[in-house]
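**Student:** model the following, please.
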Amino acid sequence: MNQITADRDGERLDVFLTRIEPALSRSHVQKLIREGEVTVGGKPRKANYKLHVGEGVCYTLPDPEPIAVEPEDLTLDILYEDADIIVVNKARGMVVHPAAGVTHGTLVNALLYHCKDLSGINGAIRPGIVHRLDKDTSGVMVCAKNDAAHIDLAEQIRTKSAHRNYLAIVHGNIVPERGVIKGDIGRHPKDRKKMAIVRENGKPAVTHFRVLERFGPYTLVECQLETGRTHQIRVHMASIGHPVICDPKYGPKKRAPFAIQGQALHSHTLVLTHPRTRERMTFTAPLPEDMENILKKLRGLRP
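**Tutor:** Here you go, the predicted structure:
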């Protein structure tokens, strides 16, 4: 049982559980609450129930679901691997985990074939997945081979002790050398397939950016995430008038004249503490060939 202290007084039940079980997503916590696996003072409560000092919160985490996704012998670019974690350079165009209409060819299918054992915290369709990348975003990702590693890595991401840096080629000439973009991100009010900066029901999001190279109508930037919201860099850069080039959701309708499938966004560097050894580790995924070719073309156009 977890007893509510003064610093948690008035906190929503689902928010409280997400804090004490960082490996669980908010939606997973809300599902547990709906299914009656959570009680406050011995009674089931709704997700938005406001907690009071002295109340006891009890919950039961179900056993990990059996893995139902089929292992597939797919090519993996492995940057590092040991008994606890595997770090990969995800290819652009590869979906991270199965979803509606996508059951094969995902990173999870490939990991199940290669690793045999993965953490089961995220259930049958997302084993080992601590954080995600969009289908058409390439780059470095860490996955967990056991639940202890998963919980530790998720906490590092939540507390921002793990750092993620991205490289993006964006539209326009960004004037300041660096900046910070803040804006709550939630579902677009009219297009549910998109995210947007919203005033209500959004989650806080902070992106730091730094200009690396300017090419007149385009700019190469490095982005560091404080938070990890869906489409965060894509939404934030578009919000300041500099969308990622070739972004089909947030870019201009007229596509930039470059040969690339999806947005020119790459997860370049990941810094974390190893969940078992506590060694501070840095992993870097080199720019994919499609982005390198764009940069060569832009550099060649300079006067």
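
**Student:** just checking: what are the partner strands of the helix or strand encompassing Val88?
**Tutor:** Here Val88 sits within strand 85-90, counting by DSSP states H and E. Looking at strand 85-90 with DSSP bridges, its partner strands are strand 78-81 (antiparallel), strand 138-144 (antiparallel).

**Student:** contacts for it, please.
**Tutor:** Outside of strand 85-90, the residues that reach it under the criterion Cβ atoms under 8 Å, 6 or more residues apart in numbering are 76-81, 96, 107, 111, 114-115, 128, 133, 137-145, 149, 153, 267, 270, 274-275, 283, 285-286. For every residue, glycine as well, the C-beta is placed using N, CA and C.

**Student:** let me see the ranges of the helices in the chain.
**Tutor:** Using DSSP state H, the helices found in the chain span residues 13-20, 26-34, 107-115, 147-158, 232-239, 289-300.

**Student:** in the third one, what's buried?
**Tutor:** Using 16 or more other Cβ atoms under 10 Å as the test for burial, helix 107-115 gives Leu107, Val108, Asn109, Ala110, Leu111, Leu112, His114, Cys115.

**Student:** again, but for stretch 154-161
**Tutor:** By neighbour count on 16+ other Cβ under 10 Å, the buried set for stretch 154-161 is Ala154, Gln156, Ile157.

**Student:** quick check: which ranges of the protein have low pLDDT?
**Tutor:** With pLDDT under 70 as the threshold, the chain has low-confidence stretches at 22-23, 62-68, 100, 124-125, 303.

**Student:** most packed of the helices of the chain?
**Tutor:** The highest mean neighbour count among the helices of the chain, using mean count of other Cβ atoms under 10 Å, belongs to helix 232-239: a mean of 24.

**Student:** residues in contact with that one?
**Tutor:** Under Cβ under 8 Å, 6+ apart, the answer for helix 232-239 is 134, 166, 168, 170, 181, 183, 185, 195-197, 205, 207, 209, 221, 223, 225, 229, 243-244, 247, 249-251, 263, 265.

**Student:** what do you get if the cut-off is 6 Å, keeping everything else the same?
**Tutor:** Outside helix 232-239, the residues that touch it by Cβ atoms under 6 Å, 6 or more residues apart in numbering are 166, 170, 181, 185, 195, 197, 205, 207, 223, 243-244, 247, 250.

**Student:** rewinding a little: which of the contacts of strand 85-90 are buried?
**Tutor:** Judged by 16+ other Cβ under 10 Å, buried ones among those: 76, 79, 96, 107, 111, 114-115, 128, 133, 137-145, 149, 153, 267, 270, 274-275, 283, 285.

**Student:** number of residues surrounding the closest residue to Glu200 other than its chain neighbours?
**Tutor:** Spatial nearest neighbour of Glu200, chain neighbours left out: Gly186 (7.7 Å); criterion: Cβ to Cβ, 6 or more residues apart in numbering. Under the neighbour criterion other Cβ atoms under 10 Å, Gly186 is assigned a count of 18.
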